[in-house]
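Undergrad: structure here, sequence nowhere to be found:
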């Protein structure tokens with residue numbers, strides 16, 4: 001099923017999303033990759049404030065290339081999500097509702113998604129130049145010293161993603177393997 005969603009996510013929006021749905025996201029997303037996740041995790045462990053509000057938000061596992069002239073961002077394809085699995089359950093427990101990346105997730109992440117009513121979207125790897133056209137604004141908001149891995153606040157319009165794992169633990173990766 002095709003759905004158009006404006007962020008932030010809510011429990012109702014997440015519950016309505018099912019594995020296999022084609023979704024076009026519009027609104028605000030945040031980017032974070034390995035190094036930024038590590039810093040967020042460490043800050044949370046120390047009880048420190050993190051750079052953005054997790055509640056009802058989506059993190060796009062993205063480290064964009066430099067922006068071309070006249071564009072807000074360069075190529076914006078997803079990175080492998082499993083590298084963030086170590087840090088993800090605590091983010092979900094603190095209100096994160098969605099993640100965008102590519103590849104499988106651990107059992108711990110999937111269980112935490114179910115417990116905290118969250119969803120995992122896949123963006124098409126290798127289509128970063130095309131995906132960047134959906135990004136209307138990009139602003140570094142934290143960890144600028146990380147370069148491409150700095151946390152960015154993105155404004156997106158009709159960013160195409162697929163629900164790969166829904167809040168009921170339905171997993172398109174597992175289902176595809178069963179069909180082989």
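TA: Arrived safely, thanks for sending. Bear in mind the structure is a predicted one, so any value in this text is a computation, not a measurement.
Undergrad: which element is the closest residue to residue 131 other than its chain neighbours on?
TA: If the residues on either side of it in the chain are set aside, residue 131 comes closest to residue 76, at 4.8 Å by C-beta to C-beta, 6 or more residues apart in numbering. Heads up, the C-betas are built off the backbone N, CA and C, glycines and all. In the assignment (DSSP states H and E), residue 76 maps to no helix and no strand.
Undergrad: name the residues of the lengthiest helix in the chain that are buried.
TA: Assignment by DSSP state H gives helix 34-45 as the longest helix of the chain. Residues 34, 35, 36, 37, 38, 39, 40, 41, 44 are the ones in helix 34-45 that count as buried (16 or more other C-beta atoms under 10 Å).
Undergrad: tell me how far the fifth one lies from residue 44.
TA: Residue 38 sits 11 Å away from residue 44, taking C-beta to C-beta, to the nearest Å as the criterion.
Undergrad: output the below-cut-off pLDDT ranges for the chain.
TA: Residues of the chain meeting the criterion pLDDT under 70: 177, 179-180.
Undergrad: ranges for the strands of it?
TA: Taking DSSP state E, the strands of the chain run over residues 2-6, 22-31, 58-60, 98-101, 119-122, 135-142, 151-165.
Undergrad: closest one to residue 16 among these?
TA: Nearest of these to residue 16, taken as C-beta to C-beta: strand 2-6 at 7.7 Å.
Undergrad: just checking, what packs against that closest one?
TA: With contacts defined as 3 or more C-beta pairs under 8 Å, 6 or more residues apart in numbering; DSSP states H and E, the packing partners of strand 2-6 are strand 22-31.
Undergrad: alright, I will stop here.
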